[in-house]
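Colleague: Sequence and computational prediction follow.
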Amino acid sequence: MHKLETLARQARDDAGNVGLPPAPVRHRIIPIAAMNDEETEVARQMQICNACRYCEGFCAVFPAMTRRLEFGKADVHYLANLCHNCGACYHSCQYAPPHEFAVNVPKAMAKVRLDTYASYAWPAAAGALYKRNGLAVALALVAGLALFLLMALAANGTLAGGQLGANFYAVFPHNQLAGMFGAVFGFSVLALGIGVTRFWRDVSAGTASAGAVLETTGNVLALTYLDGGHGEGCNESDDAFTLLRRRFHHFTFYGFMLCLAATTVATFYHYALGMEAPYPVLSLPVLLGTAGGIGLLIGPAGLLWLNLRRHPEHGDIRQRPMDRGFIALLLLTSLTGLALLAWRDSAAMAALLALHLGCVMALFATLPYGKFAHGIYRCAALLKAAIEKRQAVHIDPGSA
């Protein structure tokens, strides 16, 4: 039978397909997943927005929306993670509550984002942690880990062992610290990687070109879509525009990256150059870490202030404990890190080190199941938007 099909296909080619029926086309069957209430609500609002298009220039969500006539589960999750929750569309919408259409895109998208994190979490059972990862849990985890480390130091006599000359490794050996924190951080990276890979597969993102990657990188580094689409910023507690959230996000992001750079340089010093800590105050690892710690004080403190004042209709109230828990971990990590630097030559160094390591461990442990995940999924959504913009044909519902 296979040979006959081959001969028939060759005959059609030789005859120029004249008078012969076309070869059968095999279509890939795409399963249609049922949507929950939050996803259905986003799809409903996107249908209304697709007809109105007043907000088309505000952010990446609306151009991506116009490339669709219908919104399935994968589309909804993609658009929800593309949304930066800036609030501009809510304050500009003529169909926002109390209108009967009740269009509130930031709030609807925020609810779906929580579903995204839980649905794609790895291991799957850990998805429930997103709903429990709040401020109380974050503080309890810090307290528990720090207390454990303090008790360990007290047991081996190094908690009040006098001045140690800023030598952290006299308190906790280098290999012990590297193994312990490397394992936790490695698991966090693995869990987030598996989750975002599943998300990427489901949204059928396509192949990224160099141009798409560069555009995405620029949008991520500049936080382009936190400018409200007009450069004046987001709406926070009222209709007034402000760039504060963008600025505080910049402090937080670059503070985190500077701290990561400090750790990377210190690792290079240790393994490649044979230079062990402690490093002088004016050394590169200490300067990078200090600048990063200051950024992680200013940024999270500002974001917490905005979170406490923000308009209640801008997001999902269920996520506030998770948001504030992550902000608290960042603040505690930077505070204890800077305190450790300031008093590293004192007798309090061992206790401060235990407190700082407890904060860092809690931060690493909660990375895959807390607010940090939003940045990873948003980067993936921005990359898909850049790819889609280069390959999709614009669809105008009015001409369909």
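Modeller: Structure's in. What do you need? All values derive from a computational prediction rather than experimental measurement. Numbers count the residues shown, from 1 in each chain.

Colleague: Do you know the pLDDT at residue 21?
Modeller: In this prediction, residue 21 carries a pLDDT score of 48.

Colleague: Near the closest residue to residue 333 other than its chain neighbours, how many residues? Count them for me, please.
Modeller: Nearest non-adjacent residue to residue 333, counting by Cβ to Cβ, 6 or more residues apart in numbering: residue 359, 4.4 Å away. (Glycine included, C-beta is placed from N, CA and C.) Look at residue 359: counted by other Cβ atoms under 10 Å, it has 25 neighbours.

Colleague: Then residue 129?
Modeller: 17.

Colleague: show me where pLDDT drops low in the stretch 301-400 of the chain?
Modeller: 392-400 (pLDDT under 70).

Colleague: at 90 what do you get?
Modeller: 308-322, 344-351, 370, 390-400 (pLDDT under 90).

Colleague: for it, what spans make up the helices?
Modeller: 320-342, 349-366, 373-391 (DSSP state H, counting those that start in this stretch).

Colleague: how big is the angle separating the last one from helix 349-366?
Modeller: Read it as helix 373-391. 40 degrees (axes from the mean of the first three to the mean of the last three Cα atoms, to 10 degrees).

Colleague: which residues does residue 138 contact?
Modeller: 325, 326, 328, 329, 362, 366, 370 (Cβ atoms under 8 Å, 6 or more residues apart in numbering).

Colleague: Please name whichever of the helices of the stretch 301-400 of the chain is nearest to residue 265.
Modeller: Relative to residue 265, the nearest member of those by Cβ to Cβ is helix 320-342, separated by 15.4 Å.

Colleague: returning to that earlier point: dump the residue contacts of the residue nearest to residue 333.
Modeller: 142, 146, 329, 332, 333, 336, 337.

Colleague: with the residues you listed in mind, which one is nearest to residue 94?
Modeller: The shortest gap between residue 94 and any of the contacts of residue 359 belongs to residue 329, at 40.1 Å (Cβ to Cβ).

Colleague: who's in contact with the closest one?
Modeller: Here residue 329 is in contact with 138, 142, 359, 362, 363, 366, 370 (Cβ under 8 Å, 6+ apart).

Colleague: doesn't residue 148 make contact with the fourth one?
Modeller: Okay, so that is residue 362. No. With contact defined as Cβ atoms under 8 Å, residue 362 does not reach residue 148; the gap is 11.3 Å.

Colleague: Looking at the two, which is more packed in?
Modeller: Neighbours per residue, other Cβ under 10 Å: of residue 362 and residue 148, the larger number sits with residue 362, 26 against 13.

Colleague: tell me the contacts of that one?
Modeller: 138, 141, 142, 145, 329.

Colleague: Closest to residue 214 out of those residues?
Modeller: Among those, residue 329 lies closest to residue 214 (Cβ to Cβ), at 32.1 Å.

Colleague: Skipping its backbone neighbours, what lies nearest that closest one in space?
Modeller: Using Cβ to Cβ, 6+ apart, the closest residue to residue 329 is residue 363 (4.6 Å).

Colleague: ok, that neighbour to residue 185 distance?
Modeller: Residue 363 sits 10 Å away from residue 185, going by Cβ to Cβ, to the nearest Å.

Colleague: Comparing those two, which residue is more hemmed in?
Modeller: When neighbours are counted by other Cβ under 10 Å, residue 363 and residue 185 differ, and residue 363 comes out ahead with 24 against 17.

Colleague: pretty sure that one is in contact with residue 333, am I right?
Modeller: Yes. At 5.5 Å, residue 363 counts as touching residue 333 under the criterion of Cβ under 8 Å.

Colleague: Just the element for the residue lying closest to residue 259 once chain neighbours are set aside, please.
Modeller: With Cβ to Cβ, 6+ apart as the criterion, residue 259 has its nearest non-adjacent residue at 3.6 Å, and that residue is residue 292. Per DSSP states H and E, residue 292 falls inside helix 284-309.

Colleague: Show me what counts as buried in that helix.
Modeller: Neighbour-count burial for helix 284-309, counted by 16 or more other Cβ atoms under 10 Å, picks out 285-293, 295-304, 306-307.

Colleague: cool, and stretch 186-202?
Modeller: 188, 191, 192, 195, 196, 199, 200, 202.

Colleague: where's the last one relative to residue 110, distance?
Modeller: What it means is residue 202. Distance from residue 202 to residue 110, by Cβ to Cβ: 20 Å.

Colleague: The second one too?
Modeller: According to Cβ to Cβ, residue 191 and residue 110 sit 22 Å apart.

Colleague: Also the first one?
Modeller: If you measure residue 188 against residue 110 using Cβ to Cβ, the figure is 23 Å.

Colleague: Spatially, which residue comes closest to residue 228, not counting chain neighbours?
Modeller: residue 88 (4.2 Å).

Colleague: quick one: contacts for that neighbour?
Modeller: Taking Cβ under 8 Å, 6+ apart, one finds 55, 58, 59, 228, 229, 230, 234, 235, 241 in contact with residue 88.

Colleague: Who wins on neighbours among those residues?
Modeller: Going by other Cβ under 10 Å, residue 234 tops the contacts of residue 88 with 26 neighbours.

Colleague: Distance of the nearest residue to that one once chain neighbours are set aside relative to residue 310?
Modeller: What sits nearest to residue 234 in space, not counting adjacent residues and going by Cβ to Cβ, 6+ apart, is residue 86, at 3.8 Å. Residue 86 sits at a distance of 11 Å from residue 310 (criterion: Cβ to Cβ).

Colleague: These two: which has the busier surroundings?
Modeller: residue 86 (25 against 19).

Colleague: so the residue nearest to residue 234 touches residue 223, yeah?
Modeller: No. Counting by Cβ under 8 Å, residue 86 stays clear of residue 223, with 10.0 Å between them.

Colleague: what do those two both touch?
Modeller: With Cβ under 8 Å, 6+ apart as the test, residue 86 and residue 223 reach no residue in common.

Colleague: Restricting to C-alpha, output whichever strand or helix holds residue 40 in CSV.
Modeller: Element membership for residue 40 (DSSP H and E) is helix 37-52. Extracted as CSV, the C-alpha positions of helix 37-52 are listed here (Å, rounded to 0.1, in the frame of the first residue of the first chain):
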residue,chain,number,x,y,z
ASP,A,37,-14.6,31.3,35.8
GLU,A,38,-11.6,33.6,35.9
GLU,A,39,-10.4,32.6,32.5
THR,A,40,-13.9,32.9,31.0
GLU,A,41,-14.2,36.4,32.4
VAL,A,42,-10.9,37.5,30.8
ALA,A,43,-12.1,36.1,27.4
ARG,A,44,-15.4,38.0,27.8
GLN,A,45,-13.6,41.3,28.5
MET,A,46,-11.2,40.8,25.6
GLN,A,47,-14.1,40.4,23.2
ILE,A,48,-15.4,43.7,24.3
CYS,A,49,-12.0,45.3,24.2
ASN,A,50,-11.4,43.9,20.7
ALA,A,51,-14.5,45.7,19.5
CYS,A,52,-13.7,49.0,21.2
